[in-house]
Every structure is written in structure tokens, then in C-alpha cells.
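>>> dropping the sequence and predicted coords here.
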Amino acid sequence: MDELSRRKMLLTGGALGAVGALGMASPASARSAWTWAASGSVARAGEGTDPQWVWDEEADQILGAVLDRGDVPKVNELLRTWTRNDQPLPAGLPPDLRQFMDKARQLPSWADRKKLDTAARFSTTKGIYVGALYGLGSGLMSTAIPREARAVYYSKGGADMKDRIAKTAKLGYDIGDLDAYQPQGSMIVTAVRTRLVHAAVRNLLPKSPGWSQTSEGQKIPISQADLMVTWHSLATLVMRKLLEWKVPVSRAESEAYLHVWQVTAHMLGVRDEYIPATWDAANAQSEQLLDPVLARSDEGVKLTEMLLDIVAELDAGVSRPLVSAFSRYTLGDRIGDLIGLSEEPFWQPLISKSWPLLVAYREKLIPLPLVPEAAWAMEEALRKFVLLFLSEGRPIHLEIPDANRSH
């Protein structure tokens with residue numbers, strides 16, 4: 001695979017990673033009774049309640065009140081100025097929302113700064129793989145999760161997918177930033193604002209006739225199970241694929257990458273008793289939550305088409321076939337068929353043969369002087385270009401919705 005194709009893949013990966021960035025839901029109706037043991041969580045204990053029936057009670061109540069008072073436009077305008085982790089909350093926020101956000105922005109007591117720093121350095125050497133997997137793996141896998149696809153499709157963001165992708169791609173970008181959880185970073189801000197968006201969607205989406213008719217009996221979207229399904233389609237999938245691709249990952253790097261996603265899950269409102277403490281625990285939970293729910297939906301197929309149309313704007317005639325082929329290589333033909341990806345008789349065998357060689361070649365170069373810095377600089381520039389393209393040059397603000405997608 002030549003350098004131009006590799007760069008296009010990185011670009012499209014950043015674009016497509018958006019839909020899956022800890023967004024919406026997954027159907028629990030297809031899985032067995034909850035048996036995952038809380039002893040395998042970061043909390044080491046729990047009540048044992050099935051996460052399918054647990055949401056984010058405090059956030060949901062606060063955002064329900066914000067919506068009822070008609071405060072959403074005011075809050076969105078104020079939050080546009082809140083961009084750094086160390087910034088005070090904007091003056092003028094409703095008192096109940098301010099009190100909630102002050103608590104929600106605190107890192108968990110078990111957060112390990114050393115591991116978070118290691119995770120940031122990990123991004124400088126493995127960013128190309130992680131970025132490609134977020135987009136061409138996780139992003140397209142999300143359209144094979146029916147409840148996630150439907151929640152995205154019928155919510156307000158589904159009406160403008162390019163804008164929706166830009167906003168949710170920001171989470172994937174921020175978590176891999178060198179300053180993610182540092183005072184000068186923005187991951188805390190992004191996580192808290194994403195949590196507010198989820199809470200608003202939980203209040204709004206049950207009022208959507210389209211969603212209600214296709215929700216498979218779910219009365220409230222984005223349960224704790226749903227959030228962890230998407231978590232596994234990101235963190236767990238990425239680590240599995242890095243190992244499968246024989247990308248060198250040290251034990252310290254593996255634990256650090258898990259830790260940054262553990263902290264992020266907590267910051268997004270997931271109870272500690274549902275956050276896996278180890279990769280073994282994560283794989284076991286993924287087998288129960290994610291694997292059984294992958295299926296086709298009309299909304300998922302439509303979203304796949306929307307995503308590929310956006311990719312076509314990056315490079316008509318090459319990107320779309322390349323995306324389909326690489327995603328089939330990454331996710332397998334079963335998921336490719338579920339979401340309607342085209343089969344690419346030229347690209348698929350080429351990628352299956354050349355990608356392992358590309359990985360091996362790149363890993364031989366990385367230890368050389370200045371190569372990691374140069375690779376990171378190029379990949380960082382490409383990521384920023386993707387966000388600039390998706391946002392059409394405008395600042396990206398995670399807006400709390402005040403309505404569903406119009407009919």
C-alpha cells in the first residue's frame with residue numbers, strides 16, 4: 001500500500017470514528033441474562049443490577065429540568081466559552097446544572113496520572129493504528145448496532161451527519177491528545193458535555209415516533225449497558241486488533257490505554273461497577289454485551305451510506321472502495337454484509353496482504369531517531385485537517401439538543 005493510500009486511510013478513519021464515539025445504544029434484547037461479575041470491575045464490587053436497566057439518574061433529572069425551563073439555548077451559548085479542563089465554569093449557568101457539573105468534572109479517586117501520561121505517549125507511536133481503528137473499525141461497527149444506529153438516526157444530530165460526525169469525532173481526538181486530562185487539555189470538558197448531551201437525548205428521544213416504533217421495546221435510550229457496548233466497540237476492539245496485527249504493545253502501554261478509557265467511561269457517567277478492571281474482564285464483558293447484538297437495521301444501512309458519502313468528499317473514486325475494503329478486513333465480512341459495505345475484489349486481497357507488511361515496516365522505522373516525532377506531527381496534522389473539513393472551518397461545539405430530528 002503506497003503512502004498516499006495510507007494517508008487517505010488515516011483521513012477517512014478520523015471522519016468515520018465519529019458515530020461510534022461513545023454515542024448511543026445497543027439492543028440488550030439479543031443478549032443473555034446479566035452474569036458479568038462486578039468483582040472484575042474497577043470498583044471490585046457492585047449491586048449486580050443489569051446495566052440495561054440503569055441510566056444516569058442525576059444527569060437525566062437535571063437536563064430534564066433544563067429542557068423544561070427552556071434553558072438549553074442559554075446554556076449552549078455559555079458553554080461555548082468553556083474549553084479547557086482548568087477553566088472555571090461560565091458564570092450564569094443555572095444553579096442546579098452548575099452544581100452537577102462541578103461534581104461531574106472531578107476525576108475519579110482511582111485515576112492514575114502516570115498511566116494517563118503513558119497513554120498520551122502511546123498515542124504518539126501508535127496513533128495511526130488507533131485512528132484507523134476508531135474510524136474504519138469502530139465507526140462503521142456502530143452502524144451494525146441497531147439501537148445505536150437508530151438513536152443516532154432519529155436524534156437531532158441525525159439530520160446533519162457531517163456536523164454530527166465533527167462533534168463526536170472531537171471525543172476521539174481529545175482522548176488521544178497529549179494533554180487530554182492535563183489542566184491545559186480538554187478531555188474533561190468534552191466528556192462532561194457529552195454526558196449532558198446523552199442526558200438530553202434520554203429525555204427527548206422517547207418522544208420521537210420514529211425511534212419509539214423501532215426501539216425494540218426500550219423506553220429510554222443510552223442505558224449503562226448501551227454505553228459499555230460502545231466502549232467495547234472502541235477500546236476493546238482497538239486492543240484486540242493491535243494484538244492481532246502484531247503491533248508491539250508493552251504491558252505498561254496496554255494498561256495505560258485501558259486506564260484512559262476506564263477514566264473516560266467514569267467521566268461519561270458509567271458506574272464504576274460496570275467498568276472492567278483488566279483486559280480479560282473487558283473481553284468477557286464484551287462477549288456478553290457487544291457480540292450478541294450486532295445486526296442489520298435499515299437505519300444502520302442508511303447511516304453507512306451517509307458516512308461513505310462524506311468520505312467521498314475527501315477523495316471521490318478512491319476513498320469509498322478503500323474504506324469498504326479496509327473495514328471488511330478489520331471487522332470481517334459478516335459485519336460488512338450487515339451494514340451494506342460493497343465487496344472490493346481489487347482492494348480486499350491487496351489490503352490483506354499489504355497491511356501486515358506496512359505494520360511490520362513502520363514498526364522497524366519507529367525506533368529510529370526523530371521518526372516517532374515526525375510520524376506524530378504528520379498524523380496530528382491529518383487529524384486536525386479531518387476536524388477542519390468536517391466542521392467546515394467553524395469551531396466545534398458540543399451542543400445540548402432541545403428537539404429530535406424533524407420528520
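Perfect, I can see it now. Residues are numbered from 1 along each chain as shown.
>>> which parts of the stretch 1-150 of the chain are helices?
Per DSSP state H, counting those that start in this stretch, the stretch 1-150 of the chain carries helices over the ranges 3-16, 57-69, 72-79, 95-104, 113-132, 140-141, 146-154.
>>> list the contacts of the third one.
Read it as helix 72-79. Applying C-beta atoms under 8 Å, 6 or more residues apart in numbering, the contact partners of helix 72-79 are 66, 90-94, 97, 193, 200, 397-402. For glycine as for every other residue, the C-beta is placed from the backbone atoms N, C-alpha and C.
>>> can you do 10 Å?
With C-beta atoms under 10 Å, 6 or more residues apart in numbering as the contact definition, helix 72-79 has outside contacts at 63, 66, 69, 71, 89-94, 97-98, 101, 189, 192-193, 196, 200, 397-403.
>>> name the helix or strand of the chain that has the lowest mean pLDDT.
helix 3-16 (a mean of 43; mean pLDDT, DSSP states H and E).
>>> export the helices of the stretch 1-150 of the chain as CSV, with columns for mean neighbour count and distance to residue 230.
Formatted as CSV, those follow (neighbours: other C-beta atoms under 10 Å; distance: least, C-beta to C-beta, whole Å):
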stretch, mean neighbour count, distance to residue 230
helix 3-16, 21, 14
helix 57-69, 17, 17
helix 72-79, 17, 23
helix 95-104, 16, 19
helix 113-132, 20, 16
helix 140-141, 28, 9
helix 146-154, 28, 6
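>>> can you tell me which of those helices is nearest to residue 353?
With distances scored as C-beta to C-beta, the stretch of the helices of the stretch 1-150 of the chain nearest to residue 353 is helix 3-16 (13.4 Å).
>>> assumed residue 199 was part of a helix.
Yes - Residue 199: assigned to a helix according to DSSP: H, G, I helix; E, B strand; the rest coil.
>>> that one: neighbour count?
Here the number of neighbours of residue 199 (other C-beta atoms under 10 Å) works out to 26.
>>> likewise for residue 186?
By other C-beta under 10 Å, the residues close to residue 186 number 21.
>>> just for this structure, where's the confidence low?
Scanning the chain for pLDDT under 70 picks out 1-31, 157-169, 311-319, 365-397, 407.
>>> repeat that for 80
Counting by pLDDT under 80, the chain has low-confidence residues at 1-32, 124, 135-136, 156-173, 216, 309-320, 322, 362, 364-397, 406-407.
>>> for stretch 114-123, give me every contacting residue.
Residues contacting stretch 114-123 (C-beta under 10 Å, 6+ apart): 107, 112, 130-131, 175-182, 185, 187, 249-250, 252-263, 372, 376, 379-380.
>>> distance from that stretch to the middle of the chain?
18 Å (C-alpha atoms, centre = their mean, to the nearest Å).
>>> ok so, going back, the contacts of stretch 114-123 in helices, which ones?
Using DSSP state H to define helices, the subset of those located there is 130-131, 175, 187, 252-263, 372, 376, 379-380.
>>> how about the strands in the stretch 251-400 of the chain?
With DSSP state E, counting those that start in this stretch as the criterion, the stretch 251-400 of the chain has no strands.
>>> can you give me the helices for it?
Ranges of helices in the stretch 251-400 of the chain, per DSSP H, counting those that start in this stretch, are 251-267, 279-289, 298-314, 319-331, 333-338, 347-365, 371-391.
>>> and those, which is most packed in?
Among the helices of the stretch 251-400 of the chain, helix 319-331 has the highest mean neighbour count (mean count of other C-beta atoms under 10 Å), at a mean of 23.
>>> now do it against helix 347-365, angle only.
Interaxial angle, helix 319-331 versus helix 347-365 (axes from the mean of the first three to the mean of the last three C-alpha atoms, to 10 degrees): 70 degrees.
>>> which elements pack onto helix 319-331?
Packing partners of helix 319-331 (3 or more C-beta pairs under 10 Å, 6 or more residues apart in numbering; DSSP states H and E): helix 3-16, helix 113-132, helix 140-141, helix 237-244, helix 298-314, helix 333-338, helix 347-365.
>>> possible to save those as JSON lines with distance to residue 33?
Shown next, in JSON lines, are the helices and strands packed on helix 319-331 (distance: least, C-beta to C-beta, whole Å):
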{"stretch": "helix 3-16", "distance to residue 33": "34"}
{"stretch": "helix 113-132", "distance to residue 33": "33"}
{"stretch": "helix 140-141", "distance to residue 33": "24"}
{"stretch": "helix 237-244", "distance to residue 33": "24"}
{"stretch": "helix 298-314", "distance to residue 33": "26"}
{"stretch": "helix 333-338", "distance to residue 33": "25"}
{"stretch": "helix 347-365", "distance to residue 33": "38"}
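>>> out of these, which is closest to residue 59?
Shortest distance between residue 59 and those, using C-beta to C-beta, is found for helix 113-132: 23.6 Å.
>>> now that closest one and helix 237-244, what's the angle there?
Taking the same axes, to 10 degrees, one finds helix 113-132 and helix 237-244 inclined to each other by 80 degrees.
>>> relative to helix 251-267, how tilted is helix 113-132?
Helix 113-132 runs at 90 degrees relative to helix 251-267, counting by the same axes, to 10 degrees.
>>> off-centre distance for helix 113-132?
Put simply, helix 113-132 sits 16 Å off its chain's centre (C-alpha atoms, centre = their mean).
>>> again with stretch 175-184
16 Å.
>>> in that stretch, what's buried?
175-177, 180-182 (16 or more other C-beta atoms under 10 Å).
>>> closest to residue 58 out of those residues?
Lowest distance from residue 58 to those (C-beta to C-beta) belongs to residue 181, with 22.2 Å.
>>> distance check, that closest one against residue 264.
Shown here: residue 181 relative to residue 264, a distance of 9 Å by C-beta to C-beta, to the nearest Å.
>>> that's all I had, so thanks and see you.
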